[in-house]
Structure formats: structure tokens, C-alpha cells
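1. model this:
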Amino acid sequence: MRLRFFILLLLQVMCEADNKTHHHDLQISEARYSPWSPWSRCIDCIQRRIKKCISPKCEDSRIYEEKPCGKKRCKRKARQKKQFRVVQLNEDSSHLLRQAPSRIWSKWSNWSPCSENCRTQRIRICRKPGRCRKKQQEQTAYCYHDNSMCENYVLNLLDNQDAYESNRYYHYNNLDRRLPQRRRCGQPFRKSRMLKIIGGTESKKYKWPWHVAILNKYYEVFCGGTLIGPRWVLTASHCIRPILRVRLNEHDLRARDGRELEMTVHTIFQHPKFNHKTVDNDIALLQLPRSVNLPIACLPKTRPRPSEVCSVMGWGKVRTSDTYGTHTLHEAKLPIVAASVCRRSYRHFLITPNMLCAGWSSGEADTCAGDSGGGLMCPFKRRSRLAYSVQGITSFGDGCGLKNKYGIYTTVFNYLKWIYYVMDHYS
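-> Below is the predicted model of the structure:
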């Protein structure tokens, strides 16, 4: 079992209102910190190290990281407790005084179980009531278990500690390179013809962590996209608008749970040969203003095979008769349809080699209005684990869920050179 680390970012000692915490989250993104100090000696099976702020933005704040010592008994103790990681945000170095042993206060209790909101807390009791303002003190912190959605959310906050803005570009230290496994792709840790999930079911929350909501200038979700790199979203060219925003970690459009990440698109790269009339080359790349630490989808290494069953997802209409799309992310499984069958189904449309069909002849499941730009995710085995590659981009179709009418998707495999060129030259 690999060594579990306790990462402590000190920002807040005493329990404060959530609005203060969120306010600080917005400020710390411009802070810069010194390199890590050497690890301390082992005390109570814990080693610590520190980063100090070297920018006026963060003043006296510091980042603390803790990890279990390498001794056998310490590793065994960590495994038995099933410890999760803790990230604490604190404004100034006075936190050190509160952390230190005290004759007035008891030792801190163990951290409470990590909640669904990625929060944990602990307390300590006043030993001398006459000298304490309160009977007990509370500490709150972010937390996560390995390979969870909380991990992605909290690590994104951690990334921001070392980011600073310069001409709208962000620069990072070695943190991303220290975490290469979190960049492994394809594993999880939306009545016009312009598509366009008919007959689908609600997705399990965060099952598709790379699926992105694309919003217009009115903050309405009208298209989807797929995160294929820390700063890159793949979508359909027909989804492009002058002003676009993206929202990551989204599931229920009606409710926020604190894990969503929303930002304005930095740069739009529409395929130069996109044809508005034939919808050929319906592909585009969106560059984000900064990197995000979230799972990404794999790009395909081969073309999809006919009859291969893939998945589509989005916030589009559930029924053709619906006026609006669904509030929660829905998904549906669709088989790849042979090109000859697809062309027979669309005799009055130009189906180019850059397009592929997917769907059931019965029309029982399909993409519909609001799902455009989302990925057609096809599974593959990598070693013994299941992973997903984005084989298609939801493009258009003749109606929604009609018999013998399939959804048309952009064939991503045909554009790998263009995708890699843009990502390599503009990253």
C-alpha cells in the first residue's frame, strides 16, 4: 500500500463562516511561495515541512505538509487508521501558536470523517476555564481520500497556491510533475438539428469527470465539451460563440456543492475548415486560463469499430417534446453504426468521412438539443483497468430518438494531428 501523505495548507484555525473561506479561495490564487524546507525529524509518527509566502498577496501565510514517517510501525499505524489527507488554509503564522502544545488547552482530537463536502474538523478542550474565552476551540479543513472527487477539488486548490497571473497566463512549479498519475487519461478517480440525451438515465455523480458544461454570455448551459488536457476542452465548432464560459465538476445545474470550477475561456481554436452548411470538420478546442487538476479523457489511438457500444452524456432534452433540457447530467449507451448504414439513413445529407454514426435503429436512446459538443466515450482496457477515449463529438442529427435515424458525431481520430499541433504550440 502506497504511503499516504497528510498535506496541511494553513489558512484558517478557528472555525469561521464559509463565506470567509470562499473569499480567501479567490485571493490565494495569486500567492507565491518559497521552495519546501527539509523534512523535520519524526515526532509522533509525523514529519513536517514548510513553505513561506514570498509575495505581498499572501503576507505571512504559510503552507504546511505532513506525512507519516517511514518507520514500519508508523506505516502500519497509518494503514490501520485508514487516514485521509487534510488540507488546511490559514491566513497568518499565528496558527503556529495554536498548533503548539499548550498547558491551557488539551491536545487536538482526531479529525472527523471526511464529509461529502470535502470538509473535516477537530476540537480541543480548555483545561483552565478561567483563562479561556471558550470551552473548546474548533479547526476546520479540506479533506480527501485517494482517487475521490474530493481529491480533484482539493488538489486544484493546492495547485492554485503556487500559481500567479502574468498576461493572462499561469505558471506552475514542479507540483504537476510530482503528480503524473493524476494526469492519466480516461479513468474517473446537453429542436434544432444542432445537437443535441433521449431515453437516457441520470449519470452517477462524477462518473464522467472530464465532461464539461459550456455556457453562453447569459450563463446558460447550451453545449458540452470534454477535458483532454489540464488546459484544453474539446467541443464542436458549431458551439462556438464570441464569449464562452466553462464549468467543470458539474452534475446538477440547480445546485452547487462547492466543487464546481467555472472560468471564462481564454482562447478559442475553431477548425479552419469548418463548414457551416455541411457541418463538416465540426471540431474546436477551448483553452482555459489556467490548468485544472481533474481527470482527463484519452484521445483515441484507433478508429471506433461498428457495433462497439459507447456512452454519451449531457444536460440536453430527455424527450423530444421537452421544452428544456434536464437539470442533472444524463447518459446513454449507443452502438457505433457502420458508415454504409449511416449514409442510407441520411440520403439527403452529406455524410463525410469525418463523421460517424451512433445509435439504435429503434431510436430508444439518442442525443438531443443541448448535448452538442459532448464526447462519445468508448471504453478500452488498459492493463486490467477500464478507461475511456473520446471517439466522437456530438454534432447533429435528424430529429431526436427517431427510428432509423442516428446521431452524427465528428470522428476525433481524423483530427489528432490538428489537436496535438494546437495543444503543443499554444500551451
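
2. going forward, measure contacts between C-alpha atoms and count neighbours the same way
-> Fine.

3. which element, helix or strand, includes residue 228?
-> Using DSSP states H and E, residue 228 sits within strand 221-229.

4. correction: residue 393
-> With DSSP H and E as the criterion, residue 393 is inside strand 385-396.

5. domain parsing for this protein?
-> As given by the TED database, the domain ranges for the chain are 113-167, 201-426.

6. winner for burial among these?
-> Of those, the one with the most neighbours on average (mean count of other CA atoms under 10 Å) is domain 201-426, at a mean of 20.

7. what lies in contact with the strand holding residue 228?
-> With CA atoms under 8 Å, 6 or more residues apart in numbering as the test, strand 221-229 has contacts from 185, 190, 210-216, 233-236, 239, 295-299, 314, 370-375, 390.

8. and the strands in the stretch 101-250 of the chain, which stretches?
-> Using DSSP state E, counting those that start in this stretch, the strands found in the stretch 101-250 of the chain span residues 119-125, 136-144, 164-166, 169-171, 201-202, 211-215, 221-229, 232-235, 245-248.

9. pick out the shakiest of the ones you listed, pLDDT-wise.
-> Among the strands of the stretch 101-250 of the chain, strand 169-171 carries the lowest mean pLDDT, a mean of 23.

10. so residue 418: helix, strand or coil?
-> helix (DSSP: H, G, I helix; E, B strand; the rest coil).

11. give me the pLDDT value at it.
-> So residue 418 comes in at 96 (pLDDT).

12. how far away is it from residue 271?
-> From residue 418 over to residue 271 the distance is 8 Å, taken as CA to CA, to the nearest Å.

13. and what of residue 336?
-> 24 Å.

14. average pLDDT for the strand holding residue 393?
-> 93.

15. so what touches it?
-> Here strand 385-396 makes contact (CA under 8 Å, 6+ apart) with 185-187, 193-196, 226, 235-236, 238, 279, 282-283, 297-300, 303-304, 356, 367, 371-381, 407-413.

16. before we move on, back to that, worst average pLDDT in the domains of the chain?
-> Lowest mean pLDDT within those: domain 113-167, a mean of 70.

17. helices along this protein, start to end?
-> Secondary structure of the chain, counting by DSSP state H: helices at 18-27, 72-81, 95-99, 149-161, 175-178, 339-345, 416-426.

18. on that earlier part again, what angle do the strand holding residue 393 and strand 221-229 make?
-> Counting by axes from the mean of the first three to the mean of the last three CA atoms, to 10 degrees, strand 385-396 lies at 140 degrees to strand 221-229.

19. can I get strand 385-396 in CSV, CA atoms only?
-> Extracted in CSV, the C-alpha atoms of strand 385-396 (Å, rounded to 0.1, in the frame of the first residue of the first chain):
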residue,chain,number,x,y,z
ARG,A,385,-8.5,-1.4,-15.8
LEU,A,386,-11.3,0.2,-17.9
ALA,A,387,-10.5,3.5,-19.4
TYR,A,388,-12.3,5.8,-21.9
SER,A,389,-11.3,7.6,-25.1
VAL,A,390,-13.3,10.4,-26.8
GLN,A,391,-14.0,8.8,-30.2
GLY,A,392,-16.7,11.3,-31.3
ILE,A,393,-18.1,14.8,-30.7
THR,A,394,-21.9,15.2,-30.7
SER,A,395,-22.6,17.2,-33.9
PHE,A,396,-26.1,16.9,-35.5
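
20. quick one on the thing from earlier: among the contacts of strand 385-396, which ones are in strands?
-> 226, 235, 356, 375-381, 407-411 (DSSP state E).

21. and residue 411, what are its bridge partners?
-> On the basis of DSSP bridges, residue 411 is bridged to residue 392.

22. wait, it sits on residue 352?
-> No: Residue 411 lies out of contact with residue 352 (CA atoms under 8 Å); the separation is 9.9 Å.

23. from residue 371, how far off is the closest residue to residue 407 other than its chain neighbours?
-> Among residues not flanking residue 407 along the chain, residue 397 sits closest, at 5.0 Å (CA to CA, 6 or more residues apart in numbering). Residue 397 sits 11 Å away from residue 371, taking CA to CA as the criterion.
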